[in-house]
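In: Take this sequence and fold it.
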Amino acid sequence: GKAPPGKGAIQGQDGPIWSDDSFEVFVSGVPASPDQPSDKYLHLGVSASGARYDSLWTYVTPGLPDRDVPQLEITVDGEAEDWGEGGLRVVSLPGPGGKLRPPKDFDPCLRIGWNEQGILLLARVKDNVIRAAPQGEPLGHGDCVEIFVTPERGSPESYRLVIAPETDPGTKKVRSRFDDYREAAAGEKLTAEIAAKKAPEGYVIEACLPWKNLKIAPDTGRQFGLQLFLRDDDGRGEKHRFHALWHPAGDPRRDPLAYQTFRLGEQAGPPIKFT
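Out: Numbers count the residues shown, from 1 in each chain. The predicted structure follows:
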């Protein structure tokens, strides 16, 4: 065999393993799901000359650069006009592996900011088929915005909020669900200010996530973590469902490091555009 991509020859006692006829074995535990890698595996190699290579590899969740978000004054009403050019702009969030769907099919863009009340989020989603989950099914079985919030990347203190788009203008209450994973604030009710509206090419979801949910005091320089999933379901069955996400490590319930760290600032960081 020859060296795997990116790996140079490894010198054994009788010569480089990868320059000789050789045999390799990778052994791991069973991953948590098909789209999640095992975090540890044993790598064994032996060459015809008798040279050996034995190692234990450990997967480390990548950290992303911290991003500054600005202070804003907006009204949570499902209208984007009062954001103006404000907020940290995120363009065309991708799916697992960096995959992007054609913009005419599904193209989620975000704005993120903060005020004295909480974290501000605006999701403008182009979607050619808006389909919320049927009544009685989990909201994640339809189009939705899924938000994970933590005071610090790696902390067990977190919660999840799932928000469905508006599909009937006559419905006054936005369909949403909280899942509470907090320990320090256990028993205290989670709250959020939410609005959802249809848009000409899709839908808009706007939210203010109160600091009190995680006992955070807002101040310039303060940090917090978000992971975001935006799910697209066109009604063609589970295998055709798609979700865009921020941190490539996936679900924070399996990996508490799967968060983007944001920092409260006065100015937004540079726009983030995925291509």
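In: So, low pLDDT: which residues of the stretch 51-200 of the chain?
Out: Residue ranges of the stretch 51-200 of the chain with pLDDT under 70: none are present.
In: For residue 231, the count of nearby residues, please.
Out: Residue 231: 22 surrounding residues under other C-beta atoms under 10 Å. (C-beta placed from N, C-alpha, C; glycine too.)
In: Okay, the residue nearest to it when sequence neighbours are not counted and residue 213: tell me how far apart.
Out: Using C-beta to C-beta, 6 or more residues apart in numbering and skipping the chain neighbours, the partner closest in space to residue 231 is residue 243 (4.5 Å). Residue 243 sits at a distance of 23 Å from residue 213 (criterion: C-beta to C-beta, to the nearest Å).
In: hang on, the earlier thing: strands paired with the helix or strand hosting the residue nearest to residue 231, and their directions?
Out: Residue 243 belongs to strand 242-245 when elements are defined using DSSP states H and E. When pairs are called by DSSP bridges, strand 242-245 turns out to pair with strand 223-232 (antiparallel).
In: buried ones in the partner strand?
Out: For strand 223-232, the buried set under the neighbour-count rule, 16 or more other C-beta atoms under 10 Å, comprises 224, 225, 226, 227, 228, 229, 230, 231, 232.
In: Ok, stretch 73-83 next?
Out: Within stretch 73-83, the residues scored as buried using 16+ other C-beta under 10 Å are 74, 76, 78, 80, 83.
In: Strands of the stretch 151-275 of the chain, start to end?
Out: Listed in chain order, the strands of the stretch 151-275 of the chain (DSSP state E, counting those that start in this stretch) span residues 159-163, 176-180, 193-199, 202-210, 223-232, 242-245, 260-265, 272-273.
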